[in-house]
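In: Predicted model and sequence follow; I will ask about them next.
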Amino acid sequence: MEKRIRIAINTGGGDAPGLNAVIEAVVMAAYYRNWEVYGIKNSYAGLLNTDEVMRLTPESVSHISNTGGTILGTTNRGNPFMMPVTNLAGEVEIRDVSDKVVENFKRLRFDCLIAVGGDGSLGIAYQLYKKGIPVVGVPKTIDNDICETVITFGFDTAVSIATEAIDRLHTTAKSHERVMVVEVMGRHAGWIALNSGLSGSADVILIPEIPFDIGKVCDHIMELDVNGQHYAIVVVAEGASPAGGRVIDKGKGEVGRQDVMLGGIGEYLAKDIAVRTGKETRSIVLGHLQRGGNPTTFDRLIALRFGAAAVRIVGEKKFGTMVGLDPPHIKAVPLEKIIGRIKNVPLDTDTIKTAREIGISLGD
């Protein structure tokens, strides 16, 4: 009798619209094969506290693909290789507890882990793969900055939300003759800022790939003013920085945080633009609004395809890989090919050229 495969699935890092669609597709595709699926709550933390492991059935995931968030919970501080642990003296220490994760995974008799996450979570998955856990990754990030896949689910929803916000800001900016600075997500790559800014008819778009000159930004705003447009919309990715400067890190010194906590570039820009141009300026941070709510049709479809493909890859025993969209197909990509790499916006892309040709300043 053929062995019944037991799949574990977790969701890690920041949430993204489409996570529940992946979970639903994994469960349904697994049960189609008469396999079992177990959800690991709160990223990898559920493999430390095994009370946080839950059986997933077709009934428990029925029609969740249209909902945002993740029924399994998530965290961006659950790295078992660098876990903050409070010792007997009440002090916080960073410890490697990955052996316990591997031990519990094997004790629960799981055959594979489907890890849904961004570059950080997939990096952890790759390390666990090297320690003996069969892993298949599913790329997730609204930033769309994971290599070896044309797009990631959550991105389309984030761009749609940002574009709608920019559309709404045009009317209030025009009414008050203000400069409105809209800060969107995008740590290392400016996909959201570029796509929403272009779609929303922004006047200035600032992305991490192109360090900006604030003087040129203000010159463009004043040129608009001279030509009769007395307001402006500036869209900036949270990871954008001035030429010769650095990104703004608002999480310095936070216990247990190994990464940069971005945010604040919008306010910084608004103050500088107001001083240099004399124009009334406001900043708006869209923040987690871009992650929330129901996924778009496109994101639901991609997420469902990714989840079903992950189960197919498990059946093919192609472990240590990630699903990636290579239209019209989904392929299995070795995780080692994406670790430590960022998919930046190519400076020669048609989208960049279009922005320049229709008069949008990129700050350079």
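Out: Ah, there it is. Numbering: from 1, shown residues only.

In: from here on, contacts and neighbour counts on C-alpha atoms
Out: Will do.

In: Give me the distance between residue 240 and residue 202.
Out: Applying CA to CA, to the nearest Å, the value for residue 240 to residue 202 is 16 Å.

In: More neighbours: which of the two?
Out: residue 240 (31 against 26; other CA atoms under 10 Å).

In: Now stretch 130-141: buried residues?
Out: 133, 134, 135, 136, 137, 138, 139, 140, 141 (16 or more other CA atoms under 10 Å).

In: That should have said stretch 100-107, apologies.
Out: For stretch 100-107, by 16+ other CA under 10 Å, it's 101, 102, 104, 105.

In: Check stretch 229-240 too.
Out: Neighbour-count burial for stretch 229-240 [16+ other CA under 10 Å]: 230, 231, 232, 233, 234, 235, 236, 237, 238, 239, 240.

In: what mean pLDDT does the helix or strand where residue 266 lies have?
Out: Using DSSP states H and E, residue 266 falls within helix 265-277. Helix 265-277 shows a mean pLDDT of 94.

In: which helices and strands sit right next to that helix?
Out: strand 179-184, helix 214-226, strand 281-285 (3 or more CA pairs under 8 Å, 6 or more residues apart in numbering; DSSP states H and E).

In: most neighbours per residue, which of these?
Out: strand 179-184 (a mean of 28; mean count of other CA atoms under 10 Å).

In: Strand partners (parallel or antiparallel) of that one?
Out: Here strand 179-184 is paired, per DSSP bridges, with strand 232-237 (parallel), strand 281-285 (parallel).

In: Export only the CA atoms of the first one, formatted as CSV.
Out: Extracted C-alpha coordinates of strand 232-237, given in CSV (Å, rounded to 0.1, in the frame of the first residue of the first chain):
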residue,chain,number,x,y,z
ALA,A,232,2.4,67.7,-7.2
ILE,A,233,2.2,64.0,-6.3
VAL,A,234,5.5,62.4,-5.2
VAL,A,235,5.6,58.6,-4.8
VAL,A,236,8.5,57.2,-2.9
ALA,A,237,9.5,53.7,-2.0
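
In: what's the model's confidence in that strand, averaged?
Out: Here the average pLDDT along strand 232-237 is 97.

In: can you check the last one too?
Out: Averaging pLDDT along strand 281-285 gives 95.

In: can you tell me which helix in the protein is longest?
Out: In the chain, taking DSSP state H as the definition, the longest helix is helix 155-176.

In: of all the helices and strands packed on helix 265-277, which lies closest to residue 295?
Out: Checking the helices and strands packed on helix 265-277 against residue 295 by CA to CA gives strand 179-184 as the closest, at 17.6 Å.

In: any idea which residue sits dead centre in the chain?
Out: Taking CA atoms, centre = their mean, the centroid of the chain lies closest to residue 141, which sits 2.4 Å from it.

In: okay, the buried residues of stretch 100-107 in JSON lines with pLDDT and distance to residue 269 next?
Out: JSON lines is the format used below for those (pLDDT from 0 to 100; distance: CA to CA, whole Å):
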{"residue": "101", "pLDDT": "93", "distance to residue 269": "44"}
{"residue": "102", "pLDDT": "94", "distance to residue 269": "46"}
{"residue": "104", "pLDDT": "94", "distance to residue 269": "48"}
{"residue": "105", "pLDDT": "94", "distance to residue 269": "48"}
